[in-house]
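1. the following block contains a protein sequence and its predicted model.
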Protein chains: 2
Amino acid sequence: MAPASTRPTSRDVARAAGVSQAAVSLVLGDKWRGRVSEATAERVRRAAEELGYRPNLAARNLRLGRTRTVLLVVPALTTEFFAGVYTGAARVAADHGFGVVLYPSPEGVGPARNPFASARAALDGVIASSMAADALTALRGEQLPLVMLDSDPAGSLGAATVNLDIADGARQVAEHLLGLGHRHFVHLAADVPSWTFEVRAGALADRIGAVPGTSIRTARTPVSMDGARAAVQAALSDPAPPRPTAVICDDDTLAVGAYKGLRRLGLRVPEDVSVTGVDDLHLATAVDPELTTVHLDAELFGERGMQALLAVLEGRTPEGGDIPVHLVVRGSTAPPCAS
Amino acid sequence: MAPASTRPTSRDVARAAGVSQAAVSLVLGDKWRGRVSEATAERVRRAAEELGYRPNLAARNLRLGRTRTVLLVVPALTTEFFAGVYTGAARVAADHGFGVVLYPSPEGVGPARNPFASARAALDGVIASSMAADALTALRGEQLPLVMLDSDPAGSLGAATVNLDIADGARQVAEHLLGLGHRHFVHLAADVPSWTFEVRAGALADRIGAVPGTSIRTARTPVSMDGARAAVQAALSDPAPPRPTAVICDDDTLAVGAYKGLRRLGLRVPEDVSVTGVDDLHLATAVDPELTTVHLDAELFGERGMQALLAVLEGRTPEGGDIPVHLVVRGSTAPPCAS
DNA sequence: AGCCCGACGTTGTACGTATAACGTGACCGC
DNA sequence: GCGGTCACGTTATACGTACAACGTCGGGCT
């Protein structure tokens, strides 16, 4: 018995099967047709099985000069949304023999750690959410193929982008609420710098501003349920007419915060005030009334991101086109009561 | 100008700085004290900076025979809970110069993919949730240091385990509800085989069974909000006395499903029926009334898991002891009404 | 007989890094 | 003036793999 403290290598397998290391590599790499007899191949496979041989990935990666591993940078993992993005990306990756490593950029203020220090795996490319802003600086300098999620195509300096059709989502929300008869709105806006949020604000302003006699005021809030609650309480208790009858929120979590704020003000949803969100998380159907929200297909988002990266890696041009989104109408929106 | 299509290596840096490759390695590896002059070291650092040199991790891993990378196997990432576990584990890992790679075992029935095919990074060890049952079989055969999360210590065949004190959580729930005056319970139980759920069921039966005149019936449900809704509707519409006044759920998502089921039956929470959950997700404070639930510290769970793995890697014995949990009493529990 | 060719493997090498082992002057003490 | 020590590097090697290039041997063709 050997020390066995270390894992068997292809050379150990070779010795056990009575062949050379190269033969082992050929057989296990499925490149042996016409070069090794079936009998020998079988002997090699048997030996590998018995020794419990696993190829050393570090060595393989070094030899091949590629790792088939990709990094996904997201703002935080605690959100259902980015979990979905990961799932989609990982699925496509697996179909192509790739793996996905995750770098959730640390929440809160703290100094941004280097994603590549954390993801010690050697990488072939990177997919990054534009929301993980602090991690993005670290991406400069790395000369890696890069795909950006939800990022300004003009500002991404050549990196491929995959975007949700955020503007269209905003238009659908505006359309829906205007159609119900609403004229005065609060936009509960996430107070983080992001192209996505700018696009949404712009689209809302455009669509609603096109209708005479409307108003829209913006309430900024930190991205938390409690922050949203407070912001909505503040915005709705402003006595200056006209009183808003609908709160358009930048995501579902904020919308649920809005529920709470409205409840404290003694306002009912949707009778007194309609509320909309964006994301369509599980949360949206957990609350009462269920939330009217823009459904984003997070997994498709991840899939498209990975496909784009694969395209870049293969020297192809990723296909463009924003990912469509659609409004899901539930119980949180209704015509404004005549008051 | 070289082709530049490939990334610079330490040898390129050496050439640029007019030193040997070894010197580069020493300087950048911070092992140069007393071996290289400050001036030369600075020249090397400068050259590395200018060329944008990044060490090839595959080569480093091969050379060092270790990767400082660890795999975290979880049942699914779409849950806030395991996102928290990851965050905690990654934090501790980073503090020790380790990285964490994630393997979310695919949801639903599909054939279990091999986690190690997906996580192509070379690994030093594995942390696995016992809930990712289908992936566990793949762990056998790999001779990797292993830590199991929430797993029967007796059944783990020597692998280290880190567990939440599930039984104590169940006792706290029972205590609380009994104290309020409840005597007849429904246990809304996740219908997946898991040691965790067995422990909880056992603890509930023990604690409640110790009080005379009590009853507890088990309603099994798939792990989904809608499944829970249906199961609760079925269980509570059973006319056979005694009518249960409290629903104890295996997690928060199920509890919210229970809310919906009760609402459809025209029963109010908590006036007619009390409801409790487990996990204390954001969801718990998003619903109305807010949910009384057992708070699990997911991040601490992840941290302890990683610490245990580090201990194993260093040949130490991981410290034992379950992670304490505590009941958070909110609006979903109240004394039963006298009817 | 001489030649070639296919079947079956083997030898050798490179990937990029970390580090053990080995110079090589210069300077110092005696 | 000679051994010794220090400061400053360099040379050489190994990690485990994949694959290009090179045998070797027996048989069939001319």
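-> That came through fine. Residues are numbered from 1 along each chain as shown, chains lettered A, B, ... in the order given.

2. can you give me the strands in the stretch 151-300 of chain A?
-> Using DSSP state E, counting those that start in this stretch, the strands of the stretch 151-300 of chain A run over A:160-162, A:184-190, A:215-221, A:246-249, A:274-279, A:292-295.

3. dump stretch A:295-302 to CSV, restricted to CA.
-> Extracted as CSV, the C-alpha positions of stretch A:295-302 are listed here (Å, rounded to 0.1, in the frame of the first residue of the first chain):
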residue,chain,number,x,y,z
HIS,A,295,-42.4,40.3,-14.7
LEU,A,296,-38.7,39.9,-15.4
ASP,A,297,-37.5,36.6,-16.5
ALA,A,298,-34.3,36.4,-14.4
GLU,A,299,-33.3,32.9,-15.7
LEU,A,300,-33.7,33.9,-19.3
PHE,A,301,-31.6,36.9,-18.5
GLY,A,302,-28.9,34.7,-17.1
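
4. hmm, it in reach of chain B?
-> No: for a cut-off given as CB under 8 Å from any CB of the partner chain, stretch A:295-302 has no contacts with chain B; the smallest distance is 9.1 Å. All C-beta atoms are positioned from the backbone trio N, CA, C, and that covers glycine.

5. over to stretch A:248-263?
-> Yes: using CB under 8 Å from any CB, we find that stretch A:248-263 touches chain B at A:T253, A:V256, A:Y259, A:R263.

6. what of stretch A:17-26?
-> No: judged by CB under 8 Å from any CB, stretch A:17-26 makes no contact with chain B; its nearest approach is 15.6 Å.

7. can you redo the strands of the stretch 151-300 of chain A as a markdown table with distance to DNA strand C?
-> Below are the strands of the stretch 151-300 of chain A laid out as a markdown table (distance: least, CB to the nearest atom of the strand, whole Å):
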| stretch | distance to DNA strand C |
| --- | --- |
| strand A:160-162 | 25 |
| strand A:184-190 | 41 |
| strand A:215-221 | 46 |
| strand A:246-249 | 48 |
| strand A:274-279 | 42 |
| strand A:292-295 | 45 |
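
8. which stretch in those has the least confidence?
-> Least confidently modelled of the strands of the stretch 151-300 of chain A is strand A:160-162, at a mean of 90 by mean pLDDT.

9. which residues touch that one?
-> Contacts to strand A:160-162, defined as CB atoms under 8 Å, 6 or more residues apart in numbering or on different chains, come from residues A:146-153, A:301, A:304-305, A:308-309, A:311-312, A:318, A:323.

10. what of stretch A:294-303?
-> A:72, A:80-92, A:149, A:162, A:164, A:169-170, A:172-173, A:276-280, A:323, A:325-328.

11. same check on stretch A:169-180?
-> By CB under 8 Å, 6+ apart, the residues outside stretch A:169-180 that reach it are A:185, A:199-200, A:203-204, A:207-208, A:211, A:214, A:246, A:248, A:274, A:276, A:278, A:292, A:294, A:296, A:325-327, A:329, A:333-336.

12. let's see it at 6 Å
-> With CB atoms under 6 Å, 6 or more residues apart in numbering or on different chains as the test, stretch A:169-180 has contacts from A:200, A:203-204, A:207-208, A:211, A:246, A:248, A:276, A:294, A:325, A:327, A:335.

13. returning to that earlier point: out of the residues of stretch A:248-263 next to chain B, list just those in helices.
-> Using DSSP state H to define helices, the subset of the residues of stretch A:248-263 next to chain B located there is A:T253, A:V256, A:Y259, A:R263.

14. buried subset of those residues as a PyMOL selection?
-> Command for PyMOL that selects the buried part of those, burial taken from 16 or more other CB atoms under 10 Å in any protein chain shown:
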select buried, chain A and resi 253+256+259
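
15. pipe the ones in helices among the residues of stretch A:248-263 next to chain B into JSON lines and attach distance to A:V27 and pLDDT per row.
-> Formatted as JSON lines, these follow (distance: CB to CB, whole Å; pLDDT from 0 to 100):
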{"residue": "A:T253", "distance to A:V27": "54", "pLDDT": "92"}
{"residue": "A:V256", "distance to A:V27": "58", "pLDDT": "95"}
{"residue": "A:Y259", "distance to A:V27": "63", "pLDDT": "96"}
{"residue": "A:R263", "distance to A:V27": "68", "pLDDT": "93"}
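
16. can you tell me how far A:T253 is from DNA strand C?
-> Distance, A:T253 to DNA strand C, by CB to the nearest atom of the strand, to the nearest Å: 43 Å.

17. what sits closest to that residue if chain neighbours are left out?
-> A:M225 (5.6 Å; CB to CB, 6 or more residues apart in numbering or on different chains).

18. am I right that the one you found is in contact with A:A258?
-> No: checked against CB atoms under 6 Å, the pair A:M225 and A:A258 is beyond contact range at 9.2 Å.

19. hang on, the earlier thing: now the strands of the stretch 151-300 of chain A as JSON lines including mean neighbour count and distance to B:D191?
-> Listed next are those as JSON lines, based on neighbours: other CB atoms under 10 Å in any protein chain shown; distance: least, CB to CB, whole Å:
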{"stretch": "strand A:160-162", "mean neighbour count": "24", "distance to B:D191": "38"}
{"stretch": "strand A:184-190", "mean neighbour count": "23", "distance to B:D191": "38"}
{"stretch": "strand A:215-221", "mean neighbour count": "17", "distance to B:D191": "39"}
{"stretch": "strand A:246-249", "mean neighbour count": "29", "distance to B:D191": "35"}
{"stretch": "strand A:274-279", "mean neighbour count": "28", "distance to B:D191": "28"}
{"stretch": "strand A:292-295", "mean neighbour count": "23", "distance to B:D191": "28"}
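
20. coming back round to it: looking at the residues of stretch A:248-263 next to chain B, which is nearest DNA strand D?
-> Nearest to DNA strand D, judged by CB to the nearest atom of the strand, of these is A:T253 at 45.7 Å.

21. got any ranges where the stretch 1-150 of chain A has weak pLDDT?
-> For the stretch 1-150 of chain A, the stretches flagged by pLDDT under 70 are A:1-5, A:71-80, A:95-97, A:99, A:103-123, A:132-143.

22. recalculate using a threshold of 90.
-> For the stretch 1-150 of chain A, the stretches with pLDDT under 90 are A:1-8, A:28-40, A:49-150.

23. all helices for it, in order.
-> A:10-17, A:21-28, A:38-51, A:57-64, A:80-95, A:115-118, A:133-139 (DSSP state H, counting those that start in this stretch).

24. let me have the ones you listed in CSV, extended by mean neighbour count.
-> Output for those, formatted as CSV (neighbours: other CB atoms under 10 Å in any protein chain shown):
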stretch, mean neighbour count
helix A:10-17, 19
helix A:21-28, 19
helix A:38-51, 16
helix A:57-64, 19
helix A:80-95, 22
helix A:115-118, 21
helix A:133-139, 17
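
25. so which of those helices comes closest to A:L236?
-> Ranking the helices of the stretch 1-150 of chain A by distance to A:L236, with CB to CB as the measure, places helix A:80-95 first at 26.8 Å.

26. quick one: list the elements packing against the closest one.
-> Judged by 3 or more CB pairs under 6 Å, 6 or more residues apart in numbering or on different chains; DSSP states H and E, helix A:80-95 is in contact with strand A:69-74, strand A:99-104, helix A:298-313.
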